[in-house]
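Asks: sequence-free structure coming up:
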Ligand SMILES: [Ca+2]
């Protein structure tokens with residue numbers, strides 16, 4: 001992992017020097033930063049993000065069809081905008097479009113991650129925006145949940161003013177009710193303001209926080225007898241940013257007044273943690 005981080009860091013340094021050569025207007029990056037996307041400019045970065053497509057239901061009988069069209073996925077005024085739209089009669093598979101992107105880069109323990117985002121304005125049931133990570137092994141054939149999943153922030157509009165942080169592994173996951181998570185975390189401003197959702201990720205634990213690193217809402221420790229089934233979190237994970245509509249968690253009673261619904265992400269930042 002450390003080798004991977006160092007490799008990412010070198011890449012970052014070379015990217016940084018390219019940027020410095022090409023533009024003097026880039027904002028100054030905070031100290032210790034390994035990688036970030038500030039979503040400046042007018043396009044999402046095709047090298048850093050991989051869009052996913054389709055209306056497969058995504059394992060939860062979700063309604064949205066993911067596209068990478070400008071209507072669903074765009075960058076403007078310093079934020080990434082994932083916009084869900086109603087394109088059909090409503091209440092059915094494919095009746096809505098939205099977007100889901102995964103990061104090309106992966107990250108692991110020894111990092112502090114911060115994602116500043118605003119949930120869509122509250123208008124009723126049916127929206128499910130999320131900031132989360134999956135173990136990179138899933139890209140090489142390891143099935144879910146053995147690959148590992150870290151849900152930094154999940155929100156469902158049927159439960160306004162709260163969010164959830166959760167981890168899933170082969171030993172602990174929602175299919176058998178053994179996932180480990182924060183439960184409801186109250187955050188009344190979540191639909192009105194930007195908030196920062198983050199994790200402090202070390203070999204021995206993951207701490208989830210909101211708005212300030214000291215504001216820890218949930219901590220999970222690596223088990224004594226750890227292995228890939230109960231602690232896949234020593235392995236690299238990639239980011240996923242998405243806005244789902246309906247489904248078993250989002251809820252099937254979708255309020256069609258929600259649309260267009262905009263999930264805005266100001267930045268994704270990954271810092272190297274001191275030992
Ligand atoms: Ca930004």
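Replies: Nice, thanks for sending it over. Model, not experiment: these values are computed from the prediction. Numbers count the residues shown, from 1 in each chain.
Asks: from now on I want contacts and neighbour counts done on CA atoms only, so please keep to that.
Replies: OK.
Asks: what strand or helix carries the residue of the stretch 101-250 of the chain found nearest the ion?
Replies: As assessed by Cα to the ion, the ion sits closest to residue 116 within the stretch 101-250 of the chain, at 8.3 Å. Using DSSP states H and E, residue 116 falls within strand 111-118.
Asks: outside of that strand, which residues touch it?
Replies: 131, 190-202, 263-273 (Cα atoms under 8 Å, 6 or more residues apart in numbering).
Asks: so for that strand, mean pLDDT?
Replies: Across strand 111-118, pLDDT averages out at 98.
Asks: how about stretch 36-52?
Replies: Here the average pLDDT along stretch 36-52 is 98.
Asks: centre of the chain to that stretch, how far?
Replies: Relative to its chain's centre, stretch 36-52 lies at 14 Å (Cα atoms, centre = their mean, to the nearest Å).
Asks: with stretch 43-62 instead?
Replies: 12 Å.
Asks: quote the end-to-end distance of it.
Replies: 27 Å (Cα to Cα, to the nearest Å).
Asks: mind listing what's buried in that stretch?
Replies: Across stretch 43-62, burial judged by 16 or more other Cα atoms under 10 Å covers 44, 49, 51, 55, 57, 61, 62.
Asks: strands - which of the residues you listed land there?
Replies: Members of the buried residues of stretch 43-62 lying in strands (criterion: DSSP state E): 49, 51.
Asks: show me which of the buried residues of stretch 43-62 is closest to residue 33.
Replies: residue 49 (18.4 Å; Cα to Cα).
Asks: count the neighbours of the closest residue to the closest one other than its chain neighbours for me.
Replies: Once flanking residues are discounted, residue 49 sits nearest to residue 103: 4.6 Å by Cα to Cα, 6 or more residues apart in numbering. Neighbour count for residue 103, taken as other Cα atoms under 10 Å: 19.
Asks: tell me the contacts of residue 103?
Replies: 48, 49, 50, 238, 239, 240.
Asks: ok, and the closest non-adjacent residue to the fifth one?
Replies: Pointing back at residue 239 there. residue 133 is the one closest to residue 239 (Cα to Cα, 6+ apart), at 4.4 Å.
Asks: the one you found belongs to a helix?
Replies: No - using DSSP: H, G, I helix; E, B strand; the rest coil, the assignment for residue 133 is strand, not a helix.
Asks: and it, how far from residue 105?
Replies: Distance of residue 133 to residue 105, given as Cα to Cα: 11 Å.
Asks: the helices in the stretch 1-150 of the chain, which residues?
Replies: 2-22 (DSSP state H, counting those that start in this stretch).
Asks: for beta bridges, what are the partners of the residue nearest to residue 239?
Replies: Beta-bridge pairing of residue 133, defined through DSSP bridges, involves residue 150, residue 239.
Asks: and it, what's its pLDDT?
Replies: 98.
Asks: swap in residue 31?
Replies: If you check residue 31, the pLDDT there is 76.
Asks: residues near the nearest residue to residue 205 once chain neighbours are set aside, how many?
Replies: Using Cα to Cα, 6+ apart and skipping the chain neighbours, the partner closest in space to residue 205 is residue 221 (4.3 Å). Counted by other Cα under 10 Å, the residues lying close to residue 221 total 12.
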